[in-house]
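K.L.:
structure here, sequence nowhere to be found:
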DNA sequence: ATAGAATCTGTAGCTGCTACAGGATCAAGG
DNA sequence: CCTTGATCCTGTAGCAGCTACAGATTCTAT
């Protein structure tokens, strides 16, 4: 039930939480198949598009690149095995963990640096020394 | 001692670990004052430039945007108080910590998702469900 | 019929570089 | 002095992933 609803781009944007321009952008870069149009040329989306955009958005929220998502969608389309999908996720997990590591290193350095500083109105700050390198 | 050495852009790139094009880019966007030139038009850098580029690089390594760095350099130029600098660092620290939080959330979700998966040759994967959202 | 909202296409902008192309200049060797 | 090869010059375009226009058209409701 609740068969193929026809959505305008505005409705689909609202339902998916993705901006109108972004929906068009996804179409342009081939992530979203071009939907049928009204006589006047307005896009008319169906449930399939809705699902696909939600898939893309979820992927983005999880930090996948559009290219990653393209591949995942390719798997979904073309028949996939659990192993293939899992591999993509584990690869991505490694990327994320590296980023976390990098950020934590920055955080430590910055926190230490900020602590070395009195923060008053003194016209000198040890932070600048840290940035000045050596 | 070791007074103002004259560096070509290639030397300065090597010493700072920043690409030649990037050095020119920093000049273009106003982070680096235009150095004097040879008769033929080649850039000639002095120790001040060297220090400045190292400052920029260190800032980048710590995740500051070029705009942040521009502000920091402005402080350094124009006379600064420790409090001003500390504020910039603490602001940035908040940004970094937020990113870490976001990435950790992604990581948890992905790790959980990947674990829910057998990873075999089964032509179905629960990960896809997660991405499909609901 | 008409007003106002929504949509259309196409282009430019954002960050922080990187990678050319096509030419000029520099430093070293003969 | 002259040539060669390395380096440098300017300017432009490209990357990701959107976002923000402009100027025109279409849709919807009265």
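P.N.:
Noted; the coordinates are in hand. This one's a predicted model, so the numbers in the text were calculated from it and none came from an experiment.

K.L.:
roughly how far apart are the residue sitting nearest the centre point of chain A and DNA strand C?
P.N.:
When chain A is reduced to its mean C-alpha position, the nearest residue by C-alpha atoms, centre = their mean turns out to be residue A:60, at 2.4 Å. Distance, residue A:60 to DNA strand C, using C-beta to the nearest atom of the strand, to the nearest Å: 16 Å. Just so you know, the C-beta spots here come from the backbone N, C-alpha and C atoms, and that holds for glycine as well.

K.L.:
go on, residue A:41?
P.N.:
5 Å.

K.L.:
tell me the secondary structure at that residue.
P.N.:
coil (DSSP: H, G, I helix; E, B strand; the rest coil).

K.L.:
phi, psi of it?
P.N.:
Backbone torsions of residue A:41, given as degrees, to the nearest 10, read phi 100, psi 0.

K.L.:
what strand or helix carries the residue nearest to the centre of chain A?
P.N.:
helix A:47-61 (DSSP states H and E).

K.L.:
elements contacting that helix?
P.N.:
helix A:9-16, helix A:20-28, helix A:66-78, helix B:126-132 (3 or more C-beta pairs under 8 Å, 6 or more residues apart in numbering or on different chains; DSSP states H and E).

K.L.:
TSV please, covering the ones you listed and showing distance to residue A:98, mean pLDDT and mean neighbour count.
P.N.:
Below are the helices and strands packed on helix A:47-61 laid out as TSV (distance: least, C-beta to C-beta, whole Å; pLDDT from 0 to 100; neighbours: other C-beta atoms under 10 Å in any protein chain shown):
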stretch	distance to residue A:98	mean pLDDT	mean neighbour count
helix A:9-16	30	97	16
helix A:20-28	27	97	15
helix A:66-78	15	94	15
helix B:126-132	21	83	18
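
K.L.:
need these in a markdown table (columns: distance to residue B:6).
P.N.:
Below are these laid out as a markdown table (distance: least, C-beta to C-beta, whole Å):
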| stretch | distance to residue B:6 |
| --- | --- |
| helix A:9-16 | 57 |
| helix A:20-28 | 48 |
| helix A:66-78 | 45 |
| helix B:126-132 | 57 |
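
K.L.:
those: which one's closest to residue A:113?
P.N.:
Residue A:113 lies closest, by C-beta to C-beta, to one member of the helices and strands packed on helix A:47-61: helix A:66-78, at 34.8 Å.

K.L.:
who's in contact with the closest residue to DNA strand C within chain A?
P.N.:
The nearest approach of chain A to DNA strand C comes at residue A:10, 2.4 Å away (C-beta to the nearest atom of the strand). Taking C-beta atoms under 8 Å, 6 or more residues apart in numbering or on different chains, we find residue A:10 in contact with residue A:20.

K.L.:
residue A:18 now?
P.N.:
Residue A:18 is in contact with A:12, A:26, A:53, A:56-57, counting by C-beta under 8 Å, 6+ apart.

K.L.:
just how off-centre is the worst-scoring helix or strand of chain A on mean pLDDT within its chain?
P.N.:
Here the helix or strand of chain A ranked lowest by mean pLDDT, DSSP states H and E is helix A:126-131, holding a mean of 85. In terms of C-alpha atoms, centre = their mean, to the nearest Å, the centre of helix A:126-131 is found 35 Å from the chain centre.

K.L.:
ok, back up a step: the residue nearest to the centre of chain A contacts residue A:69, correct?
P.N.:
Yes - Residue A:60 lies in contact with residue A:69 (C-beta atoms under 8 Å); the separation is 7.3 Å.

K.L.:
what does stretch A:105-114 contact?
P.N.:
A:126-127, A:130, B:61-63, B:86, B:89-90, B:92-93, B:96-97, B:100.

K.L.:
how close does the nearest residue to residue A:8 once chain neighbours are set aside sit to residue A:74?
P.N.:
Of all residues not flanking residue A:8 in the chain, residue A:42 sits nearest, at 6.5 Å (C-beta to C-beta, 6 or more residues apart in numbering or on different chains). Distance from residue A:42 to residue A:74, counting by C-beta to C-beta, to the nearest Å: 29 Å.

K.L.:
buried ones in the helix holding residue A:60?
P.N.:
Within helix A:47-61, the residues scored as buried using 16 or more other C-beta atoms under 10 Å in any protein chain shown are A:49-50, A:52-59.
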